[in-house]
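**Student:** Generate coordinates for the sequence data below:
(one chain, ligands or ions: 3)
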Amino acid sequence: MSAITSHAAADAPAREAVRVALGERAYDILIGRGVSEEIGTRAAALGARAVALVTDDTVARLHGETIAARVASAGLRCETITVPAGEGSKGYATLARVCDAILASRIERGDLVMALGGGIVGDLAGFAAAIVRRGVRFVQVPTTLLAQVDSSVGGKTGINSVHGKNLVGAFHQPSLVLADTALLDTLPLRELRAGYAEIVKYGLIDDADFFAWCEANGEAVLAGGREREHAVAHSCRAKAAIVARDEREEGDRALLNLGHTFAHALERLAHYDPAILVHGEAVAAGLALAYRFSAFLGLCAPADAERVARHLAATGLPTTLGAFPGLAPDPERLLDAMAQDKKVVAGQLTFILARGVGESFIARGVDVAAVRTFLARECAGEGQMPG
Ligand SMILES: NC(=O)c1ccc[n+]([C@@H]2O[C@H](COP(=O)([O-])OP(=O)(O)OC[C@H]3O[C@@H](n4cnc5c(N)ncnc54)[C@H](O)[C@@H]3O)[C@@H](O)[C@H]2O)c1
Ligand SMILES: O=C(O)C(=O)C[C@@H](O)[C@H](O)[C@H](O)COP(=O)(O)O
Ligand SMILES: [Zn+2]
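**Tutor:** Ligands and ions are numbered 1, 2, ... in the order given. The predicted model follows:
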C-alpha cells in the first residue's frame, strides 16, 4: 500500500519538468496547466524567427488562434498550416502538402515547425520537420491525453502506408514539449479514454505499483484534476527514461510497443477509420490480447490477464477483437498485417509479452502457428473473460 501512496496525486506539483537525456538532442517536457502561455518566449529562446504551426481543423478552431497569438506576441512570424482531423491525414498526400506549405512559408533550418494537436498532427508535422531542408527543428504542443503521455515524447515521427501503421518515418527529436493540461479541457471522453490506454501501458511494462494506482485512480484521471496531471508526469518520466537509454529502438524501447503488434494489425484492418477504432482503443485491445496471449503460452497467470482486461473494461475501453463495430477480424488477415510489423526480424514475429503485471519482456521468434491458434480462438470469442 505504501508504494501506491507514493503515487498520491496530492503530492503532484502544479508544474513539472521532465528532461529527456539524449546528449546533444536532450530536451525538456514541461507539464502543467497553462504552460503553453510560455510558447512564444520559449520559441524565441530557441533562436527561431518564424514558426510553421501545424494543426488539425478541430484543434485550430478550439486553440489555434490563442497559440498563434502567443507565438506572434514574442515577435515571431507565425504561419498556420491546417490539415483535416483524423488518421487519414497521416499519409503521403497530406505530408506532401504540409512540406510544401512549410517551404512556402520560408521556414529556415533555424526556425521551428510546431505541432499543435494530437498524435496524428505530432507524427505528421514531426516527419515533415525531419525531411524538409533535411531537418528543421520542431516543438510539440500536444493537445490530447495520448499525445501528452506518449506520442509527443521520444522522436518517433511518420505516416501510415496501405501496408501498415507508421511504416514510413524517421526518428527526429523535438527541441521542446509543452504539455499544457488545460488544453485537455475540450477533449471528448472517447479520446481521453484512448489516451488512458497508453498510460496503463506504462504500469504493465515494468511498474506494477503504477498499474495498481491506475486501478484506484483511473476514473479520476478521466475526470481531470491532480490525478490526471500526476498520470501525465509519471508517464512522461517513464517514457523519457526508456528513450534516453535506447533512442532508436535497438533494445528496450520495444517494450513501449506492448500491445501494438495486435493494435497496428487491427488499425490496418479497419483502414484507420475512426468510426471503427482510434489508436488508443486498438492499444487497449492489444494490451488485453498481449496478456491473454502470454497466458495462452503459459508465461503468465490467467488471473493477471483477467485483471488487465477488467481494469481496461472498467474505464470503458475495448478488450476483445469483437469489440469494434463493423470490423470482422480473421486470423489470416491479422497475421498478414503483423508480417509488416517493424519488430519483425528475419521474417520472424516479435511480441512484447508478460510474465505478470509490470513484468513485460521482448519475445523474439514467436511461433506463427501459436499466434494463428490464439487468434482463431480470440476471433471465435473463446478464451476471453466475460464482459
Ligand atoms: N510517435 C509516437 O511515439 C506515438 C505514440 C503513440 C501514438 N502515436 C500515434 O498517435 C496517433 C493518435 O493520436 P491521438 O490519439 O492524439 O489522435 P488525434 O491526433 O487524431 O486526436 C484525436 C482527436 O481529438 C481531436 N483533438 C485533439 N486535441 C483536442 C482538444 N484539445 N480538444 C478537442 N479535440 C481535440 C483531434 O482533432 C482528433 O479528432 C496515432 O496515429 C498513433 O499511431 C504515436
Ligand atoms: O515510442 C515508442 O517507441 C512507442 O512504441 C510508442 C507507441 O505507443 C506508439 O504507438 C508508436 O508510434 C509505435 O511505434 P511503431 O514503431 O510501432 O510504429
Ligand atoms: Zn501507441
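
**Student:** Where does the prediction get shaky in the stretch 1-150 of the chain?
**Tutor:** Along the stretch 1-150 of the chain, the parts satisfying pLDDT under 70 run over 1-13.

**Student:** how about the helices of it, start to end?
**Tutor:** Under the criterion DSSP state H, counting those that start in this stretch, the stretch 1-150 of the chain contains helices at 2-5, 39-45, 57-59, 65-73, 92-104, 119-131, 145-146.

**Student:** which strands and helices sit next to the fourth one?
**Tutor:** For helix 65-73, the elements it packs on are helix 39-45, strand 50-56, strand 77-83, strand 112-117, judged by 3 or more C-beta pairs under 8 Å, 6 or more residues apart in numbering; DSSP states H and E. (Each C-beta comes from the backbone N, C-alpha and C, glycine too.)

**Student:** So for S175, what's the nearest residue that isn't a sequence neighbour?
**Tutor:** Distances taken as C-beta to C-beta, 6 or more residues apart in numbering place R137 nearest to S175, at 4.8 Å, with adjacent residues excluded.

**Student:** Same check on E37?
**Tutor:** Closest residue to E37 apart from its sequence neighbours, by C-beta to C-beta, 6+ apart: R70 at 6.5 Å.

**Student:** so the one you found touches A44, yeah?
**Tutor:** No - between R70 and A44 there is no contact under C-beta atoms under 8 Å: 10.9 Å.

**Student:** Check the offset of the host helix or strand of L192 from the chain's centre.
**Tutor:** Secondary structure from DSSP states H and E places L192 in helix 189-206. Computed by C-alpha atoms, centre = their mean, to the nearest Å, the chain-centroid distance of helix 189-206 equals 9 Å.

**Student:** So for it, mean pLDDT?
**Tutor:** Averaging pLDDT along helix 189-206 yields 98.

**Student:** Kindly report the same for stretch 348-365.
**Tutor:** 97.

**Student:** what about the residue in the chain that ligand 2 sits nearest to, which SS state?
**Tutor:** Nearest residue of the chain to ligand 2, counting by C-beta to the nearest ligand atom: N166, 3.2 Å away. The three-state assignment at N166 reads strand, by DSSP: H, G, I helix; E, B strand; the rest coil.

**Student:** Quick check, it in contact with N160.
**Tutor:** Yes - the pair N166 / N160 is scored as a contact, 6.4 Å apart, by C-beta under 8 Å.

**Student:** quick one: which of these two has more around it?
**Tutor:** Legend: neighbour count by other C-beta atoms under 10 Å for N166 and N160, higher for N160 (25 against 19).

**Student:** in which helix or strand would I find that one?
**Tutor:** Here N160 sits within strand 156-161, counting by DSSP H and E.

**Student:** List the buried residues in that strand.
**Tutor:** Across strand 156-161, burial judged by 16 or more other C-beta atoms under 10 Å covers K156, T157, G158, I159, N160, S161.
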